[in-house]
Structures are given as C-alpha cells and as structure tokens.
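Peer 1: Fold the following, please.
(one chain, ligands or ions: 2)
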Amino acid sequence: MDYQKIAIIGGGNLGSAIAQGLLKSGFSKPGDITITKRNTSTLAHLAAQGVQVHSDNQKAIAESEVIVVALKPYNVKEILSELKDAFNPQKHILISVVTGVLLHELDNITVANLPLFRAMPNTAIAIQESMTCICHQYGTQEQVAFVEKMFNQLGVTVSIDEKLMDAATVLGACGIAYALRFIRANIQGGIEIGFDARTANLIAAQTVKGAAELLIRENRHPEEEIDKVTTPKGCTIAGLNEMEHQGFSSSLIKGITASYNKIVKG
Ligand SMILES: NC(=O)C1=CN([C@@H]2O[C@H](COP(=O)(O)OP(=O)(O)OC[C@H]3O[C@@H](n4cnc5c(N)ncnc54)[C@H](OP(=O)(O)O)[C@@H]3O)[C@@H](O)[C@H]2O)C=CC1
Ligand SMILES: O=C(O)[C@@H]1CCC=N1
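Peer 2: Ligands and ions are numbered 1, 2, ... in the order given. Below is the predicted model of the structure:
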C-alpha cells in the first residue's frame, strides 16, 4: 500500500507544525501534502513552498491516503461526521492528534474498519524534535510501521496504551509550554542579575537544552546530575532549596495534575 499523500485536516498551530516537520525532514514532497482550514491566509508560507492549501476537506481526503486530523476537540466530531462518506478503509489511514477524543469515538463517527491512530506530538514537530506518543485500532503491522516511521522522522516516538493518552498529552504536549515558562522565568531572573534579554534567553535556553541532553544521551537520573552541581555550602543548593521552600516542584506537580484533570473532567 502506498502512503505517500498526506492530508492535514485543520491547519492550525499543530497541523501547520506537522506540515513544516514533514517538509523539513524530507519525508514528504510539498506536492504530496494537502492542508485545510477555512481561513487559508495563515498558511501562505506553506502554499509558497508548494503545499496544497485549501478549504475542501472532501477533496483533500479523496486525493490522499494518510489523513491527519488536527481539529479542535469541540468541533472534530461534527466535522468528521460530515466527512464520513469520504473515508475508504481500503485506502485511508486516519491519524488523530485531537486531545481527549477516543479511538472508539472516532470509530463511531467514521466508517467501519477504518485504520485509526491517535498520535500526541508537540509543537517541536516543526523542527523534527517532537515527543510523540502513539496508539491505534485496526492498524495492520504495515500501517503501524508506516505511522511510526513517519513520526520517527519528526522526533522520538513511543507506543502506549490508549488509557495513557491523556497523560501523554499533558507531559509531552503541554510540557513544551511548561518548559518554555521555566525558561522565561530564568530569563526574567537573568535580567535582574545583569544580563540583557537576548543574552539571558540564549544562556537559559542552551542550559536547559544541555540539561535535557545529559538525561537523554547519558540515560541519567536528574538527581545524579544535580548532585554534581551542588557544591556543599555553595550557591546552587542555596538557590534550589529556596525554590523548593517556595513550592517549585509542588507547583509543577499541581500544574500537571490540573492540566490532566482539565482533560479527563472537563
Ligand atoms: N497546539 C498544540 O501544541 C497541540 C495540540 N493538540 C491538539 O491538536 C488539535 C489542534 O490544536 P491546535 O493546532 O492548537 O488548534 P488550532 O485552533 O490552532 O487549529 C485547529 C484548526 O482547525 C481549523 N478548522 C476549523 N474548522 C475547520 C474545518 N471545518 N475544516 C478544516 N479546518 C478547520 C481552524 O482554522 P479555521 O478557523 O481557519 O478553519 C484551526 O486553524 C487540538 O485537538 C489539540 O488538542 C495536541 C497536541 C499539541
Ligand atoms: O492546551 C491544549 O488543550 C492543547 C492540548 C495539548 C497542547 N495544547
């Protein structure tokens, strides 16, 4: 089966980031990607690179094999129900990146036996640095291999049980925002102790990148690396302990559970 042509239904923040990643990685040629939304003016940068940009979801599905659904959770069911007849289980695979919409719900609103995947990437997919969690229903080995190959071009993937998909949304997708807010706070602190904003931004971002690489490349536990930095009676432990007194770890954990509860309880 040929899975060359990819339609992204919903070319917003995440949909357009996926298109950018597919182009940057060379996984797709511009002419093999179609991306839809109602107001297409925001996708001019993709159209300029040769991506097909329009508002006709039926046409996009008919001309593609892989359908990535990147619509908002509140309108995905209505839109997919209207497109039900456009899907062909012998031709299409559907990959939903929509938060909180389950495989069996997608099954109910599309056509029987359509190979269904849920993927939870993050916006770093635009630069091939996503963390993407994947689960599926009715996918053959070949289709699963294709979906993993596609997202492996766009970062790192892990296959998970669907019951962990909401947790994946929080830790992986929301996690980008948490990490950026951490960096921003570092920048604010950095300016207060003397750096200009641009230099503080570079130092904070590169330092966080280095910390993450220590864990990823060396397979270390964070506390092992923290022990190397915390000189006895030194400035690091003084700062870290003050952060903990102010509720640093606790506030992050509470934020993560608040995000999770927002998905599961509404
Ligand atoms: N942003 C993120 O970091 C992540 C988002 N997600 C999930 O991905 C999904 C998309 O999120 P996000 O990209 O942030 O949201 P956006 O609102 O940015 O994107 C959704 C897009 O859908 C378009 N749209 C609305 N109606 C239609 C229609 N009938 N046909 C085609 N397109 C339509 C909208 O454009 P227009 O109004 O012009 O039609 C809009 O640009 C959500 O379900 C979200 O939970 C998952 C992981 C990370
Ligand atoms: O905030 C949201 O609801 C979406 C899901 C994960 C990232 N953005």
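Peer 1: CA atoms for contacts and neighbours, from now on please.
Peer 2: Fine.
Peer 1: Helices of the stretch 151-266 of the chain, start to end?
Peer 2: Counting by DSSP state H, counting those that start in this stretch, one finds helices in the stretch 151-266 of the chain at the ranges 165-168, 175-192, 197-218, 222-229, 235-245, 248-265.
Peer 1: How much space separates the closest residue to A17 other than its chain neighbours from ligand 2?
Peer 2: With sequence-adjacent residues excluded and distances taken as Cα to Cα, 6 or more residues apart in numbering, A17 is closest to A126, at 4.4 Å. As for A126, its distance to ligand 2 is 14 Å (criterion: Cα to the nearest ligand atom, to the nearest Å).
Peer 1: Spit out the contact partners of A126.
Peer 2: Listed by Cα atoms under 8 Å, 6 or more residues apart in numbering, the contact partners of A126 are 16-22, 24, 154.
Peer 1: let's see 10 Å
Peer 2: 13-25, 154-155 (Cα atoms under 10 Å, 6 or more residues apart in numbering).
Peer 1: Of these, which ones also sit close to ligand 1?
Peer 2: 13-15 (Cα under 6 Å from any ligand atom).
Peer 1: Which PyMOL command selects the buried ones in those?
Peer 2: Entered in PyMOL, the line below selects the buried ones among the ones next to ligand 1 among the contacts of A126, by 16 or more other Cα atoms under 10 Å:
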select buried, resi 14+15
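Peer 1: how far is stretch 195-204 from where the chain is centred?
Peer 2: Relative to the centre of its chain, stretch 195-204 is centred 26 Å away, using Cα atoms, centre = their mean, to the nearest Å.
Peer 1: And the contacts of stretch 185-192?
Peer 2: Residues contacting stretch 185-192 (Cα under 10 Å, 6+ apart): 179-184, 193, 195-205, 208.
Peer 1: and the gap between P222 and I9?
Peer 2: Per Cα to Cα, to the nearest Å, P222 is found 39 Å from I9.
Peer 1: So between the two, which is more surrounded?
Peer 2: I9 (28 against 12; other Cα atoms under 10 Å).
Peer 1: what separates the more buried one from P73, distance-wise?
Peer 2: Look at I9 and P73: by Cα to Cα, they are 13 Å apart.
Peer 1: now do R184
Peer 2: 29 Å.
Peer 1: Looking at these two, which is more packed in?
Peer 2: Higher neighbour count among R184 and P73: R184, with 16 against 12, using other Cα under 10 Å.
Peer 1: which ones are touching the residue nearest to that one when sequence neighbours are not counted?
Peer 2: Residue nearest to R184 in three dimensions, not counting chain neighbours: N201, with 7.7 Å by Cα to Cα, 6+ apart. Contact analysis of N201 by Cα under 10 Å, 6+ apart lists 183-184, 186-188, 190-191, 195, 207.
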